[in-house]
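Q: My questions are about this predicted structure, shown below with the sequence.
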Amino acid sequence: MKITLNTTSIPEDRRQEVESIARSLAKNAEIVWLPSRFPRFVMLVEPGPEPKGEARSGSIFETPEPGLHSLAAMTEDLETRIKSCLGRSS
């Protein structure tokens, strides 16, 4: 999984803490930091490589199996967690 975070919205001294939050959702995630003019903290969550097998139908934003989060839900959850973290004093 690849998670792109916004360097413009997240202060440099808090980035390690924010990366820890991102890794709590996806332990082996690749974290990428890029600037953006948009105020969101999480700019993109991309799925990782999947093992070869049956092709899945539907959108990547739909939950493929009960109990799993869609990428859209993971993005919203991560955005909420980061917002809460940054709202606390260091």
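A: Looks like it arrived, so ask away. Numbering: from 1, shown residues only.

Q: okay, now residue 34: neighbour count?
A: Residue 34 is flanked by 11 other residues according to other Cβ atoms under 10 Å. Just so you know, the C-beta spots here come from the backbone N, C-alpha and C atoms, and that holds for glycine as well.

Q: low pLDDT regions in this structure?
A: Within the chain, the stretches with pLDDT under 70 are 49-68, 89-90.

Q: which helix in the protein runs the most residues?
A: The longest helix of the chain (DSSP state H) is helix 71-87.

Q: Show me where this structure has its helices.
A: With DSSP H as the criterion, the chain has helices spanning 15-25, 71-87.

Q: would you turn those into JSON lines with mean neighbour count and distance to residue 31?
A: Shown next, in JSON lines, are those (neighbours: other Cβ atoms under 10 Å; distance: least, Cβ to Cβ, whole Å):
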{"stretch": "helix 15-25", "mean neighbour count": "15", "distance to residue 31": "5"}
{"stretch": "helix 71-87", "mean neighbour count": "15", "distance to residue 31": "11"}
